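[1] sharing a sequence plus its predicted fold:
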Amino acid sequence: MKINQCFLDLKDSYLFATVGRKTAEYKKAHPDKDVIRLSIGDVTRPLAPAVITAMKKAVEDMASVTTFKGYGPDQTCYGYDALLDSILGSYSRKGVTLEKGEVFISDGAKSDCGNILDILSKDNIVLLPDPVYPAYADANVMAGRKIIYANANEANGFLPMPDKKVKADIIYICSPNNPTGAAYTREQLKAWVDYAKSLGALILYDAAYEYFVTDSSLARSIYEVEGAKECAIEICSYSKTAGFTGVRCGYTIVPYALMREGVSLNKLWARRQSTKFNGVSYVTQMGAAAVFSEEGERQITENIAYYRENAKIIGDTLDELGIWYTGGKNSPYIWLKCPNGMDSWAFFDYLLEEANVVGTPGSGFGRNGEGFFRLTAFGTKENTQEACRRISKLLKK
Ligand code: PLP
């Protein structure tokens, strides 16, 4: 037996481990200090009442022989109609028409960002932005694919655009972005779609944060861009939209129009899923189906507004301090330039020790993240206000 040697090429994922260790050490040495974490990428608001009601009803269904559910429906790769219909409805409100068979219910975006690679050749060259959500890079390293990077930096507002001189086969785009919070306009995405089509490449579009978009010029789905159905798979999640990080549900769109080498990627993905996946639980799917109901949507919008207000508190503080940043307006992430030329870890230590506030060093997301720092809006309003008061006091000095 031989192991997959590619796993030995993975870099240790020490970013969040180091953040956790340093924070724990500081708290141990200073037990009287109130340390506030603005580093978390996890949500804190509870599930919407409409979701809870739907899940309770689904649990009751499981208790009766007439309404009990086993494996999900085969013909839609285990997605129940109620959920598929609500997803189609949410897309049609964005002006995008999809068919049920193009929607694959998943247990979240992270799994499919990696799993989708099963249907793509190992020889493909992968283009990632730098800085990047680490799971994209790691999933491709595990498969032994060559990775190249598009530089995201202050000059391009952390929104790299295609370079015609660069040849790539698989292009990951995350918008609004983790970690930078930057989001592409429809026009910018059109340039990526045209580039991908000119190369016969595939875009893997991660829309996990689409619900945070408010500006009308920004896309919430890549399919708002003409021609995208011929070159893009969209991966989405209820995690950040509706607080499902612990419940686990998402969806991946593989359009019928997406063909390569005369083969339908939709068919390949359906074949892959029917072999390696047995669907998402009925109770979870019924909870997710309630998210885009009229009542559910109103309730999740309130939760998103809560995080958005936190993001504004952070953004206003940085504006007052004259610190450059991206994100925060159409995203729960604020990506700021470390003051006084500090590197990412130096600023982490400084904020922890002097303001008792924890963030995430940008260098952990890639070479271009050095000198930058990520704060999140997923905390409580009280903690966000207090953290900002301390940051303001510290950096105004
Ligand atoms: N994609 C991005 C860009 C993320 O930031 C995250 C989580 O932080 C995920 C995917 C994972 O989402 P899920 O909880 O649906 O697996």
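    Nice, thanks for sending it over.

[2] enumerate every residue touching Val19.
    39, 348, 358, 360-361 (CB atoms under 8 Å, 6 or more residues apart in numbering). In this view, the C-beta of every residue, glycine as well, is placed from N, C-alpha and C.

[3] hmm, which two among those residues are most spread apart?
    Farthest-apart pair in the contacts of Val19 is Val358 and Pro361; separation 10.4 Å (CB to CB).

[4] which residues do those two both contact?
    Common contacts of Val358 and Pro361, defined by CB under 8 Å, 6+ apart, comprise 19, 348.

[5] more neighbours: which of these two?
    Ranked by neighbour count (other CB atoms under 10 Å), Val358 and Pro361 place Pro361 first, with 25 against 22.

[6] list the beta-bridge partners for that one.
    Using DSSP bridges, the beta-bridge partners of Pro361 come out as Phe373.

[7] dump the residue contacts of it.
    15, 19, 344-345, 347-348, 369, 373-374.

[8] tell me the one of those nearest Ser90?
    Arg374 (28.0 Å).

[9] just the buried ones from the contacts of Pro361?
    Buried members of these, counted by 16 or more other CB atoms under 10 Å: 15, 19, 344-345, 347-348, 369, 373-374.

[10] any idea how many residues pack against Trp324?
    Neighbourhood size, Trp324 [other CB under 10 Å]: 12.

[11] I'd say it and Leu336 touch.
    Yes. Using CB atoms under 8 Å, Trp324 makes contact with Leu336 at a distance of 6.9 Å.

[12] buried set for the helix ranked longest in the chain?
    Ranked by residue count under DSSP state H, the longest helix found in the chain is helix 294-321. For helix 294-321, a neighbour-count test (16+ other CB under 10 Å) marks 296-297, 299-300, 303-304, 307-308, 310-315, 317-318, 321 as buried.

[13] can you narrow those residues to ones near the ligand?
    Restricting the buried residues of helix 294-321 to those within reach of the ligand (CB under 6 Å from any ligand atom) leaves nothing.

[14] how about the residues of the stretch 1-150 of the chain near the ligand?
    Within reach of the ligand by CB under 6 Å from any ligand atom, the stretch 1-150 of the chain has these residues: 41, 108-110, 133.

[15] switch those residues over to TSV; also include secondary structure and neighbour count.
    Below are those laid out as TSV (DSSP: H, G, I helix; E, B strand; the rest coil; neighbours: other CB atoms under 10 Å):
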residue	secondary structure	neighbour count
Gly41	coil	17
Gly108	coil	21
Ala109	helix	24
Lys110	helix	20
Tyr133	coil	22
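
[16] kindly reformat these as TSV containing pLDDT and distance to His30.
    Below are those laid out as TSV (pLDDT from 0 to 100; distance: CB to CB, whole Å):
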residue	pLDDT	distance to His30
Gly41	82	25
Gly108	97	36
Ala109	97	37
Lys110	96	34
Tyr133	94	32
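
[17] which ones among the contacts of Pro361 are found in helices?
    With helices taken from DSSP H, the overlap with the contacts of Pro361 comprises 15, 19, 344-345, 347-348.
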